[in-house]
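Q: Take this sequence and fold it.
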Amino acid sequence: MMSLKNWFEQRRKQSTAHLDAEGMNRVEDAQYAKIWTKCVSCDAQLTKTDLRANLNVCPKCGYHHRISAKRRIKQLTDAFHELDAQLSPLDPLHFTDTEAYTVRQAEAEKKSKLKDAVITGIAKTGQAVYALAVMDFGYMGGSMGSVVGEKITRAAEKSLAYNLPLLVITASGGARMQEGMFSLMQMVKTSAVLGRLHERGLLYVTLLTEPTYGGVTASYGTLGDLILAEEGARIGFAGRRVIEQTIRQKLPADFQTAGYLQEYGQVDMVLHRHDLRQTLERLILLHQASSQQHPTKEALSLFSHEPVMVS
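A: Coordinates of the predicted model:
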């Protein structure tokens, strides 16, 4: 018969072995997460290195994974001079839902390493020089607040000052509710400055990526002279579920996808991520050649020395 002392000793060893196994599993899971990832569309197991080398497009099914604004800029540009990097949001309404808006801002900044949901600057791709604004879904779902509207407006004003085309790449759930009317006012502000670009004959291009919704779609997202979309991107105003509940009908499976919108004339081109650099450069240079709208010397001088890339 096992003594009480031996019984406790056996239980201790079993417990220690269980804890050791759990610890090893956690280490193995962490090591796995550093190397491998799963495609959110087809569940294929992919190495992060291979996925990154393929521009974050799944080599199995072609799904275009969401990417950060910084990665997007590195993929598209040869050089980039960031503008207004220090602009950060305030809390004009002292808004609190389950958390204070200031707390959400701090959490979003820590998670995304950004001050807000857009990066703007002057970019160079091949021979094309242009103003660029890239939204980042990782900061509060890419929501449009006062800083987003202000930075896009300033990027458009740089386009006017430097005689440059403007490219805006969207990825957003819509207006930022924590800023209320201050957020909705950005729709008007950005639309007004884009009207000035149109009057000057400067090219404005939008690239709609996964996902683009709400007030962004309803304003600068769909005001482009050319409206491009990435393959598979979902684009709309209200979400699919809200529309189905409102009209009490089942929508097509591909409703609000980039291909669906192109079929009905709301998007000019649907592009694979591999084709973006070449297509954007060609479109910008063709427009400049036909319109005789060329960058100012001040704009070109930004790239006369060592290029500055976004960190």
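Q: and the residue most central in space within the chain, how far is that from Thr170?
A: The centroid of the chain falls nearest to Asp136 when counting by Cα atoms, centre = their mean (3.4 Å). As for Asp136, its distance to Thr170 is 11 Å (criterion: Cβ to Cβ, to the nearest Å). For glycine as for every other residue, the C-beta is placed from the backbone atoms N, C-alpha and C.
Q: Give me the common contacts of the two.
A: Common contacts of Asp136 and Thr170, defined by Cβ atoms under 8 Å, 6 or more residues apart in numbering, comprise Gly142.
Q: ok, back up a step: state the distance from the residue nearest to the centre of the chain to Ile73.
A: In terms of Cβ to Cβ, Asp136 sits 10 Å off from Ile73.
Q: Now the common contact residues for those two.
A: Shared contacts of Asp136 and Ile73, defined by Cβ under 8 Å, 6+ apart, comprise Ile119.
Q: contacts for stretch 35-52?
A: The contact list for stretch 35-52, computed with Cβ under 8 Å, 6+ apart, reads Lys34, Val57, Cys58, Pro59, Lys60, Cys61, Tyr63, His65.
Q: Surely the second one touches Asp275?
A: No: taking contacts as Cβ atoms under 8 Å, Val57 lies outside contact range of Asp275: 11.0 Å.
Q: Looking at these two, which is more packed in?
A: Each of Val57 and Asp275 has its neighbours counted (other Cβ atoms under 10 Å); Val57 has more, 20 against 12.
Q: check contacts around that one.
A: Leu51, Tyr63, His64, His65, His272, Arg273, His274.
Q: Please, which helix or strand holds Leu90?
A: Counting by DSSP states H and E, no helix or strand carries Leu90.
Q: What separation do you get for it and Glu107?
A: Taken as Cβ to Cβ, the span from Leu90 to Glu107 is 16 Å.
Q: before we move on, what about Leu286?
A: For Leu286 relative to Glu107 (Cβ to Cβ), the value is 43 Å.
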